[in-house]
Structure formats: structure tokens, C-alpha cells
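**Student:** Quick one, fold the following:
(one chain, ligands or ions: 1)
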Amino acid sequence: MSARGEPPGRSAETPHKHEDLAYFLAALCDVIAKIHTRYQGVFGRSVFVDLHAGDGGTDEDAGSPLLMAMAANAAGLRADIWCCEVYRPSYLRLQRVLGPWLTGDRVRVIPLLGDNRVTVPELLARYPTNGPAHFGLIHSDSNGAMLDVDLINRILHHPKLEKLDVLSYLAAAADYKRRWTYHPDRHFRSDIAAIEKRYGWVRRREVSWGQWIYLAQSNYDGLPNAKALGFISTVSPEGEALLTRLDLSKRERQPMLPFLATPPTAPMPNISGIQPIDGFEF
Ligand SMILES: C[S@@+](CC[C@H](N)C(=O)[O-])C[C@H]1O[C@@H](n2cnc3c(N)ncnc32)[C@H](O)[C@@H]1O
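**Tutor:** As a prediction, the model looks like this:
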């Protein structure tokens with residue numbers, strides 16, 4: 001139980017998170033279904049990797065693996081859903097909740113008990129490297145811990161899984177803002193940039209006790225329904241401002257005192273390498 005009396009991995013924010021996830025999955029599955037219709041037989045089963053599957057949720061609030069199974073099913077996809085869970089009681093409950101999906105044919109759920117840093121590489125080692133490529137999603141929901149960049153990239157390095165998009169639920173106010181003590185070399189932004197995907201979008205949800213966001217990443221410059229889902233590009237002015245707020249604490253965002261700033265030794269060249277001329281705006 002958490003300090004707020006909720007089971008591990010669950011809070012008052014969870015149903016909202018799931019609502020957003022359900023919208024995102026519906027939009028993604030719809031696009032994948034359209035690709036399959038257009039390029040009949042070219043791509044394989046969709047693959048959804050839930051790195052932090054949890055206990056399956058409640059009767060009123062389905063957890064992420066169930067949402068994935070339902071979204072894939074509703075879009076008519078053939079899909080494999082890998083569900084990683086390290087905590088045995090949650091895993092056992094998850095298995096019960098997933099019941100019929102475990103033996104599914106069109107949509108099948110593959111529960112993986114243990115640390116995802118062990119179970120996922122084991123599965124990847126057995127995953128066929130020939131045959132069609134797969135669309136789908138890697139979903140990270142690490143309860144406020146930092147992104148597992150290495151693991152996500154490892155999945156993306158599999159020759160048949162590089163098309164998977166990435167969706168991460170992150171708490172900027174948790175581990176990232178404590179990085180000065182524990183991870184001085186890691187930033188929210190550097191981790192986002194280290195995930196091997198070309199484009200990113202963020203969607204903020206303000207809650208009373210933290211700053212939780214969804215980060216979506218893809219190689220395709222067009223997140224389905226981005227605006228309707230409330231996502232903004234990470235390189236838009238609003239996205240940049242949001243990331244800065246999430247990356248730095250209020251104190252860190254204060255302008256540096258003049259005596260702490262390093263004085264420039266020479267005038268900085270502008271972007272094209274030409275020295276600025278006094279009074280002239282490039
Ligand atoms: C926030 S909860 C997941 C909730 C779930 N994604 C949902 O939306 O219903 C995080 C879960 O990740 C599990 N977890 C944490 N680290 C893990 C790891 N290295 N491998 C597998 N599971 C892990 C925890 O036991 C916990 O159940």
C-alpha cells in the first residue's frame with residue numbers, strides 16, 4: 001500500500017491515465033489496421049510490449065494490458081501482447097484478470113513474470129529475425145522511475161521490431177528532478193533524445209501532487225489524432241517550454257546569478273558562422 005492507502009502502482013490518477021491510454025491505443029490500432037488493409041500480407045502480427053503491466057486493474061478501471069488487448073481486438077488486429085510484471089502477487093492477479101486473452105488466437109497475451117531487463121531480452125533472443133516486420137507499441141509505465149532507455153532501444157534494435165512506437169508515462173517530479181543527487185549525468189531531455197525514435201510528442205496532465213506526462217515517440221512524423229489527444233510536438237515552442245519545466249525544478253529554472261555565469265571570452269558566432277554586426281539583426 002502506498003502512503004495514500006492505494007495498492008502499489010495505483011493512485012487517484014490511474015483512471016485518468018487509463019482513459020488517455022485507451023484513446024491513444026484506439027488511434028494507434030486504427031492506423032495499424034489501415035496499414036494492414038492497404039498492404040495486405042506485408043506486415044506480421046502487431047506487437048505490444050507492456051514493460052510494466054501491473055495487476056490488471058479493477059472491474060471499473062481496466063489496466064494497461066487489458067486496454068491493449070481490447071484496443072487491438074476492436075481494430076480487428078492480430079496481436080501479441082507481452083506483459084512484464086516483476087511483483088508476483090500482481091502477476092498472479094494479472095493472469096486471472098487476463099483469463100480468456102491468455103489462450104486467444106487473434107489477440108494473445110503473453111505474461112512474463114520477472115524483471116523486464118531479464119524477461120524481455122530472453123524473449124527477444126527467441127523472436128524470429130526473418131519474416132515480416134511488426135507494427136505496435138512499447139509501453140513504459142515505471143511508476144515514476146527513470147526511463148529504461150537501454151531496454152527500449154534494445155527492443156527497437158530487433159530487426160523486426162524497429163517500427164514499434166514508444167509511449168512512456170513519466171513523472172517528471174519524481175526521479176528525474178532528484179537526478180542532481182542520484183543521476184547527475186541524466187536529464188529528462190537527454191533520456192528522451194536517447195530513445196531511438198525521430199519524433200516526439202508530450203501530453204501533460206496536471207495533478208495535485210506531481211507532473212505526470214505521456215511521451216509518445218515514433219519514426220513517423222504524424223501521431224494519429226495528436227491534437228485531439230492533447231499531444232504537442234516536443235520541438236514546438238510549447239513542447240520545448242513544457243519539457244524545460246519538467247526537466248528542471250523551479251529553483252533550477254531561476255536565471256543564473258551574474259557572478260556564476262561564465263563570461264564569454266569571444267563574441268559568439270551566429271548560426272551561420274558569421275560574426276554579428278552591431279545593431280544588425282540576422
Ligand atoms: C505503475 S504500475 C503499472 C500499471 C499498469 N501499467 C497499468 O496501467 O495498469 C508499475 C508496475 O511495474 C512493475 N515493475 C516495476 N519494475 C519492473 C521491472 N523491472 N520489470 C517488470 N515489472 C516491473 C511493478 O511491480 C508495478 O506493478
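**Student:** what about the stretch 151-282 of the chain, any weak spots by pLDDT?
**Tutor:** Applying pLDDT under 70 to the stretch 151-282 of the chain flags the ranges 172-175, 177-184, 206-210, 249-282.
**Student:** what do you get if the cut-off is 90, keeping everything else the same?
**Tutor:** Within the stretch 151-282 of the chain, the ranges that satisfy pLDDT under 90 run 170-192, 203-213, 221-230, 239-282.
**Student:** Pick out the residue closest to the middle of the protein.
**Tutor:** Centroid check for the chain by Cα atoms, centre = their mean gives Ser168 as the closest residue, at 1.8 Å.
**Student:** Would you confirm that that one contacts Trp212?
**Tutor:** No - judged on Cβ atoms under 8 Å, Ser168 makes no contact with Trp212 at a distance of 10.7 Å. Using the backbone N, CA and C atoms, a C-beta is placed for each residue, glycine as well.
**Student:** related to what we said a few turns ago, the residue nearest to the centre of the chain: what secondary structure?
**Tutor:** The three-state assignment at Ser168 reads strand, by DSSP: H, G, I helix; E, B strand; the rest coil.
**Student:** partner residues bridging it?
**Tutor:** Ser140, Leu215 (DSSP bridges).
**Student:** what's around Pro100, how many residues?
**Tutor:** Neighbourhood size, Pro100 [other Cβ atoms under 10 Å]: 9.
**Student:** now swap in Arg205 and tell me
**Tutor:** Arg205 has 16 neighbouring residues, counting by other Cβ under 10 Å.
**Student:** what do you get for Gly56?
**Tutor:** 23.
**Student:** Spit out the contact partners of the nearest residue to it once chain neighbours are set aside.
**Tutor:** Excluding its sequence neighbours, the residue lying closest to Gly56 (Cβ to Cβ, 6 or more residues apart in numbering) is Val97, at 3.0 Å. Contacts for Val97 (Cβ atoms under 8 Å, 6 or more residues apart in numbering) come out as 55-57, 63, 66.
**Student:** Turn these into CSV, including pLDDT.
**Tutor:** Formatted as CSV, the contacts of Val97 follow (pLDDT from 0 to 100):
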residue, pLDDT
Asp55, 95
Gly56, 94
Gly57, 92
Gly63, 95
Leu66, 96
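**Student:** Scan those and report the most crowded one.
**Tutor:** Ranked by neighbour count (other Cβ under 10 Å), the contacts of Val97 have Gly63 at the top, with 26 neighbours.
**Student:** can you pull the contacts of the spatially closest residue to Asp115 that is not a sequence neighbour?
**Tutor:** Counting by Cβ to Cβ, 6+ apart, Val86 is the residue found nearest to Asp115 once chain neighbours are left out, at 5.1 Å. By Cβ under 8 Å, 6+ apart, the contact list for Val86 reads 113-116.
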